[in-house]
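S.K.: sequence first, then the predicted structure:
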Amino acid sequence: MQTTGAVMSESEAEKRSLYPTTAEFIQARQAEYAQIPAARRAELEQLADYVRVCLAANRPARLTFVCTHNSRRSHLAHIWAQVAAYIYRLDKVECYSGGTEVTALNPRAVESLRRAGFSIEGDDAHAANPHYTIRYSEAGNAIVAFSKRFLDPPNPATQFAAIMTCSHADENCPAVVGCDGRFAIRYEDPKAADDTPLEAQTYDERSCQICREMLYAMQKAAN
C-alpha cells in the first residue's frame, strides 16, 4: 500500500505495509474524502496546519484527543490519527488520548477496531480499566490504549495540541493546561446504539468517519 502520491520502492512499501484488512479499510476511506463537508475540512486543515508547523520547526507534533470518559471517540481518533501519520510518513507525529475522568476503553470500540483489521491483545474482561496492545502493522509501533485523564502519563504535559472530540469535554473543560492550541473536532457518540440491533453498524460508521477525517488531515499535513 502506498503512503503518499509518490511511487514507493518495494522495500519501502514493505516497511510501511499494513495488515491486509486494515489496508483495505483505509483505501476505502481514502476514496471518500468528497464526503467530508467543507466546514469540516476547514477544521481538519487547522489541525493539519498545526502538525505542519511543528514538523517545520523540527519538533514532534503531539496530539492529545480528549473526550470526557476517554472511552470511545477519543480512542478511535487517537488510534486512527497515529495510523494515518504512519502511512503518510509523518514519523514525528505522536498521538495520545485522555479524558476529564477515568473509565475504560469500551469493548464495543475495541471490537470495531478488530473488524477493521487491527490485532488487539490484553483485553482482560475482569479489569476495571484494561490495557490493550493494538497493532496495525508488523513494522509500526504498537499502540497501548487505556482510559486516562488527558494530562496523565504517558500523555504530554506541555507542547501539544488538545483536540476535543466531544461537546461535553469541549464545553466543560475550558482550559487545557500546557497545550499549544485547542481544536474542536467533535463526533457523535456511538454509545447511543449500545445494546441495540444497530450497535456494531453504528460503531463501525463512527470508526469509518474518524478514520476518513484523520487520513484527510494527515495527508494535508504531509503536502
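M.R.: Here it is on my side, so go on. Everything numeric here is computed off the predicted structure, so don't read it as measured data.
S.K.: can you tell me how far Val110 is from Tyr96?
M.R.: Applying Cβ to Cβ, to the nearest Å, the value for Val110 to Tyr96 is 18 Å. Placement of C-beta: from N, CA and C, glycine included.
S.K.: can you confirm Arg40 is in a helix?
M.R.: Yes - according to DSSP: H, G, I helix; E, B strand; the rest coil, Arg40 belongs to a helix.
S.K.: isn't it right up against Gln209?
M.R.: No - counting by Cβ atoms under 8 Å, Arg40 does not reach Gln209; the two are 9.7 Å apart.
S.K.: please name the nearest non-neighbouring residue to Ala116.
M.R.: Spatial nearest neighbour of Ala116, excluding adjacent residues (Cβ to Cβ, 6 or more residues apart in numbering): Phe25 at 4.7 Å.
S.K.: mind checking the SS state of the one you found?
M.R.: Classification of Phe25 by three-state DSSP places it in helix.
S.K.: OK, contacts around it?
M.R.: Taking Cβ atoms under 8 Å, 6 or more residues apart in numbering, we find Phe25 in contact with Ala116, Gly117, Cys211.
S.K.: most neighbours among those residues, which one is it?
M.R.: Neighbour tally across the contacts of Phe25 (other Cβ atoms under 10 Å): the maximum, 25 neighbours, falls on Cys211.
S.K.: does it touch Phe118 like I think?
M.R.: No - with contacts counted by Cβ under 8 Å, Cys211 stays clear of Phe118, the gap being 11.3 Å.
S.K.: distance between stretch 39-54 and the chain's centre?
M.R.: The chain centroid and the centroid of stretch 39-54 are separated by 15 Å, computed with Cα atoms, centre = their mean, to the nearest Å.
S.K.: all the strands of the protein, in order from the start?
M.R.: Using DSSP state E, the strands of the chain run over 61-66, 93-98, 119-121, 132-135, 143-145, 161-164, 181-184.
S.K.: mind listing the helices for this structure?
M.R.: Per DSSP state H, the chain carries helices over the ranges 10-15, 20-30, 38-56, 73-87, 107-115, 167-172, 199-222.
S.K.: which other helices and strands does the fourth one contact?
M.R.: It stands for helix 73-87. Where contact means 3 or more Cβ pairs under 8 Å, 6 or more residues apart in numbering; DSSP states H and E, helix 73-87 is packed against helix 20-30, strand 61-66, strand 93-98, helix 107-115, strand 143-145, helix 199-222.
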